[in-house]
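>>> let's see this in three dimensions:
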Amino acid sequence: MAQIKRSYPGKSSDEIYGRVDEVMQRIAQKLSLDYHKDGPSKSGKVSKMGVTGSYLVRGEEVVVDLKFPMLVPGSMRQKVQEDIERKLDGLFP
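Numbering: from 1, shown residues only. Got it, this is the predicted structure:
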C-alpha cells in the first residue's frame, strides 16, 4: 500500500476537500472508476477491479491511500502514484 500526504498551509479543509473532490471526479470519469464521496467526513474512495484509492482531508492536510492487487505491475503502480502526486502538487496554483 502506498500513502501520499500533502499539506496546504493557510487553506481550510473545505477548500482542500473541494479541490481534491474535483480532481478525483475527473480521474474517476477518465479511468471509468467507481467514485464515492462523503462530504461530512471530507473523504472519498475510487475503485475498480481490486485497485482502490481513498482520501481523507483533515485540517490543512490530505492523505491518500492506494491499494493495488499483487498482479498489478510495479511500473503501473508508480505511474498512478506519480500522477496523483502531480495533481496534488498543483491543487493550489
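
>>> residue ranges for the helices of the protein, please.
With DSSP state H, the ranges of helices along the chain come out as 13-31, 74-89.

>>> hey, least reliable of the ones you listed by pLDDT?
With a mean of 89, helix 74-89 has the lowest mean pLDDT of those.

>>> list the buried ones in that helix?
Residues Val80, Gln81, Ile84, Lys87, Leu88 are the ones in helix 74-89 that count as buried (16 or more other C-beta atoms under 10 Å). Heads up, the C-betas are built off the backbone N, CA and C, glycines and all.

>>> now the two most distant members of those residues.
Within the buried residues of helix 74-89, Val80 and Leu88 form the most distant pair, 12.7 Å apart (C-beta to C-beta).

>>> distance of the residue of the chain most remote from its centre from Ser13?
Distance to the chain centre peaks in the chain at Leu71, reaching 21.2 Å (criterion: C-alpha atoms, centre = their mean). To Ser13, Leu71 is 36 Å away according to C-beta to C-beta, to the nearest Å.

>>> ok, Gly10 - contacts?
Glu60 (C-beta atoms under 8 Å, 6 or more residues apart in numbering).

>>> roughly how far does it sit from Val64?
With C-beta to C-beta as the criterion, Gly10 and Val64 are 20 Å apart.

>>> hmm, back to that, now the residue farthest from the centre of the chain: phi and psi?
Note on Leu71: backbone dihedrals following degrees, to the nearest 10 are phi -80, psi -10.

>>> what residues are up against Leu33?
Ile27, Val46, Ser47, Lys48.

>>> pretty sure the third one contacts Gly53?
Yes. Proximity of Ser47 to Gly53 meets the contact threshold set by C-beta atoms under 8 Å, at 7.4 Å.

>>> against Leu66, how distant is Pro73?
Pro73 is 14 Å from Leu66, by C-beta to C-beta.
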